[in-house]
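Novice: From the sequence below, what's the structure:
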Amino acid sequence: MSLEVIDVSGLATIQDSGRKAWMSYGVPTAGAMDQFAFQAANALLGNTPDCAVIEIGLGDITFRALHDCVISVAGFGYLLSVYLWDFPLWSSYFIRGGWTIHLHKLDTGLWTYLAVTGGIQTPSVLGSRSTYLRGAFGGFEGGQLQVGDILHTSRPSVSLSQLAARGFAEDVRPTYSEHPIIDVILGPQANYFTKESIEKFFSQEYTVSTTSDRMGYRLEGPTLTRRNKTELISEGMTFGSIQVPSNGQPIVMMADGPTTGGYPKIGTVTSADLPLLIQCAPNKSRIRFRETTVAKAQKKYRAWMRGLNKIVESE
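Specialist: Residues are numbered from 1 along each chain as shown. A predicted model of the protein is given here:
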């Protein structure tokens, strides 16, 4: 089964759960930005959680199905059209060979994920099919998808009719919003900042800069002042780490972020709330941060994972 790219105006790449085993060698994980939507798209089709999908952001894309298949789409900020009809996201659909699949970018949100039965099959690089654009490896020939690219999938283990018309429970989807409140665990260098700066960080609004990308979201808002001017030796970072450079404007590390960094980190966005931040539109969304604890973050993440099992068949 195959899909052909027939038009693309945004950023579309092949992504999976990432190549975490190579972080100690300085290789960024890459992988899907919105891990919840990515996993939900695979779960709708009965794919394994690390199957490669198509991540679409910042613009439109159109595919042609070259064979019968079943797709699922999950994310925020897109309208799905198949052949002559519009459909909601967070569901799976049977696609007849020759039909077109169009994803149109709306004013809200940023990223959505199109999964196909069997998963997108591209060469595995360092144990992952994820595209790392700055390194020009992984995915489809190391770059973003272009018109004329043909993506192949493996054959599903069950009939297509069993996988179509499945939906994802609305009550367990992320509560995407243009103005979210994001949970943050304070530290590890929170003591580098003045008490007033910590209070501003948790009480005032930020927006996402237009200079943001898959490497990091640059935030614009109240300037955070350091009381400790000592320079750090570079240390490990993770998806969601919030660095604060000398200009006092936070940067949240994203999927393509470096594995180490030397700026002090005021906190880390919790895994369960990362999707909410990731789907914030530059210069539009207004973001607030809220301090939480490790125990509360773990409880929220466990609920997040349980929700992935709530796949329901359409009546």
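Novice: Pretty sure Glu178 sits against Pro282.
Specialist: No. Using CB atoms under 8 Å as the test, Glu178 is too far from Pro282 to be in contact (11.7 Å). C-beta here means a position set from N, CA and C on the backbone, and glycine is covered the same way.
Novice: Ala281: neighbouring residues, count only.
Specialist: 17 (other CB atoms under 10 Å).
Novice: Render the CA-only coordinates of whichever strand or helix holds Met305 in PDB, please.
Specialist: Per DSSP states H and E, Met305 falls inside helix 294-307. Written as PDB, here are the backbone C-alpha positions of helix 294-307 (Å, rounded to 0.1, in the frame of the first residue of the first chain):
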ATOM      1  CA  VAL A 294       6.600  15.200  40.400                       C
ATOM      2  CA  ALA A 295       3.900  13.000  42.000                       C
ATOM      3  CA  LYS A 296       1.100  15.100  40.500                       C
ATOM      4  CA  ALA A 297       2.900  15.000  37.100                       C
ATOM      5  CA  GLN A 298       3.300  11.300  37.200                       C
ATOM      6  CA  LYS A 299      -0.400  10.800  38.100                       C
ATOM      7  CA  LYS A 300      -1.500  13.000  35.200                       C
ATOM      8  CA  TYR A 301       0.800  11.100  32.800                       C
ATOM      9  CA  ARG A 302      -0.600   7.700  33.900                       C
ATOM     10  CA  ALA A 303      -4.100   9.000  33.200                       C
ATOM     11  CA  TRP A 304      -2.800  10.300  29.900                       C
ATOM     12  CA  MET A 305      -1.500   6.800  29.000                       C
ATOM     13  CA  ARG A 306      -4.700   5.000  30.200                       C
ATOM     14  CA  GLY A 307      -6.600   7.300  27.800                       C
END
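Novice: Residues touching it, excluding its own?
Specialist: Outside helix 294-307, the residues within contact range by CB atoms under 8 Å, 6 or more residues apart in numbering are Phe36, Ala169, Val172, Arg173, Asp183, Ile185, Thr270, Ser271, Ala272, Asp273.
Novice: Can I get the residues you listed in TSV including distance to Arg288 and pLDDT?
Specialist: Shown next, in TSV, are these (distance: CB to CB, whole Å; pLDDT from 0 to 100):
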residue	distance to Arg288	pLDDT
Phe36	20	96
Ala169	27	85
Val172	23	88
Arg173	21	91
Asp183	11	98
Ile185	16	98
Thr270	14	98
Ser271	19	96
Ala272	16	96
Asp273	11	97
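Novice: for those residues, which one is nearest Gln144?
Specialist: Checking the contacts of helix 294-307 against Gln144 with CB to CB, the nearest one is Phe36 at 22.6 Å.
Novice: now the closest one, what's its secondary structure?
Specialist: Phe36 falls in the helix class when you classify it by DSSP: H, G, I helix; E, B strand; the rest coil.
Novice: Tell me who's in contact with it.
Specialist: Contact partners of Phe36, counting by CB under 8 Å, 6+ apart, are Arg173, Pro174, Pro275, Trp304, Leu308.
Novice: Between all of those, which two are separated the most?
Specialist: Pro275 and Leu308 (12.3 Å).
Novice: who's more crowded, those two?
Specialist: Pro275 (25 against 17).
Novice: Export the contacts of Phe36 to JSON lines and append columns for distance to Arg129.
Specialist: Output for those, formatted as JSON lines (distance: CB to CB, whole Å):
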{"residue": "Arg173", "distance to Arg129": "25"}
{"residue": "Pro174", "distance to Arg129": "24"}
{"residue": "Pro275", "distance to Arg129": "21"}
{"residue": "Trp304", "distance to Arg129": "24"}
{"residue": "Leu308", "distance to Arg129": "20"}
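Novice: Which member of those is positioned nearest Pro222?
Specialist: Pro275 (24.3 Å).
Novice: what about the closest one, which SS state?
Specialist: State at Pro275, reduced to three classes by three-state DSSP: helix.
Novice: so it sits right up against Ala40, yeah?
Specialist: No. Pro275 lies out of contact with Ala40 (CB under 8 Å); the separation is 10.1 Å.
Novice: Please name the strands paired to the helix or strand that contains Thr13 in the sheet, noting orientation.
Specialist: Using DSSP H and E, Thr13 sits within strand 11-15. Strand pairing for strand 11-15, determined by DSSP bridges: strand 53-57 (antiparallel).
Novice: Find the helix or strand that Ala115 is a member of.
Specialist: Assessed by DSSP H and E, Ala115 sits inside strand 111-116.
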